[in-house]
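Asker: Predicted coordinates and the sequence they were generated for:
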Amino acid sequence: MPGGRLTQQERRQIALGLADGLAYAEIGRRLDRPTSTVTREVMRNGGPAAYRADLAQQATERRAPRRTRPAPRAPKAPPPAHGRDPEAVRGFEELLAGIFMQSGLPRMTARVLVSLYTTDTGSLTASELVQRLQVSPASVSKAVAFLESQGLIRRERDERRRERYNVDDDVWYQSMIATARSNARLVEATRQGAGVLGPGTPAAARLENIARFVDFVGESIVRAAEQAREILSTKPDAAPPAATGEGGGHEPS
């Protein structure tokens with residue numbers, strides 16, 4: 001069984017295991033490390049929800065005593081864009097992911113969606129998501145498949161034939177329309193059920209009430225989505241050219 005400090009590669013494996021929902025004992029077996037080592041590593045570096053391999057490695061290096069000849073470090077990550085505070089950005093990403101999880105998204109799916117929203121380009125490849133989130137390719141693949149099925153992201157190929165996942169201003173509109181279509185299928189099914197159960201029966205009346213309610217809400221969603229799309233996507237008209245000549249633009253006599 002290996003001893004000594006955890007390596008950066010082992011920390012990456014811990015992050016992958018957490019993202020895949022593995023227990024500490026299973027992660028320890030894969031690393032050939034005691035469960036207590038994995039538990040202590042995770043809990044002293046933010047817990048299972050906030051553990052990041054690169055941050056854990058940096059924290060360990062800060063705690064380690066200075067050496068005469070320090071071991072070479074991995075290349076530093078590029079500085080954050082636009083002078084952003086990395087800690088503030090990570091805190092916001094955790095907050096937004098938590099909100100998405102409360103609305104029903106799985107944890108990894110929420111993290112992928114947040115990564116796309118907080119990237120200036122609004123676009124990432126699968127490998128970029130794996131590196132950014134420190135998770136397995138399988139986890140990313142499962143998450144993007146779900147998001148695409150819900151209309152929350154779109155997939156395209158770039159000039160290097162790599163698949164990219166994108167969010168843009170039209171994504172939420174398309175998602176709302178997909179929700180409205182799902183509502184329409186429910187309306188159709190409940191009205192069909194009302195006919196099967198027999199007009200005038202309590203069960204049929206219940207299903208008809210469901211159909212009427214969902215139909216009303218669905219129409220409201222489509223109407224609001226269309227209005228919001230039209231209003232929010234309209235760019236302000238160009239300012240009129242400034243008046244020239246003396247007298248504030250009076251007509252010449």
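Answerer: Now that the structure is in, tell me what you want to look at.

Asker: This protein: strands as residue ranges?
Answerer: For the chain, strands defined by DSSP state E occupy the ranges 123-125, 154-157, 163-166.

Asker: May I have the last one as CSV, with CA atoms only?
Answerer: Same thing as strand 163-166. This file holds the C-alpha atoms of strand 163-166, laid out as CSV (Å, rounded to 0.1, in the frame of the first residue of the first chain):
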residue,chain,number,x,y,z
GLU,A,163,-18.3,18.5,-31.1
ARG,A,164,-19.1,21.7,-29.2
TYR,A,165,-22.0,22.3,-26.8
ASN,A,166,-23.5,25.8,-26.9
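
Asker: Tell me where the stretch 51-200 of the chain is predicted with low confidence.
Answerer: In the predicted model, the stretch 51-200 of the chain carries pLDDT under 70 at residues 64-80.

Asker: One more pass at 80, please.
Answerer: Within the stretch 51-200 of the chain, the stretches with pLDDT under 80 are 61-83, 150-151, 158-159, 168-172, 174-175.

Asker: Domain map for this protein?
Answerer: If you go by automatic domain parsing, the domain ranges for the chain are 8-60, 85-166, 171-232.

Asker: Comparing these, which comes out most buried?
Answerer: Of the domains of the chain, the one with the most neighbours on average (mean count of other Cβ atoms under 10 Å) is domain 8-60, at a mean of 18. Placement of C-beta: from N, CA and C, glycine included.

Asker: and residue 238, what pLDDT?
Answerer: pLDDT for residue 238: 45.

Asker: ok, now the one 5 residues further on?
Answerer: With respect to pLDDT, residue 243 scores 44.

Asker: need the longest helix for the protein.
Answerer: The residue-count maximum for a helix in the chain (DSSP state H) belongs to helix 202-232.

Asker: where along this structure do the helices fall?
Answerer: Listed from the start of the chain, the chain has helices (DSSP H) covering 8-19, 24-31, 35-43, 53-63, 86-102, 107-117, 126-133, 137-149, 171-197, 202-232.

Asker: Among those, which comes closest to residue 165?
Answerer: Closest approach to residue 165 among the helices of the chain is made by helix 137-149 (5.3 Å; Cβ to Cβ).
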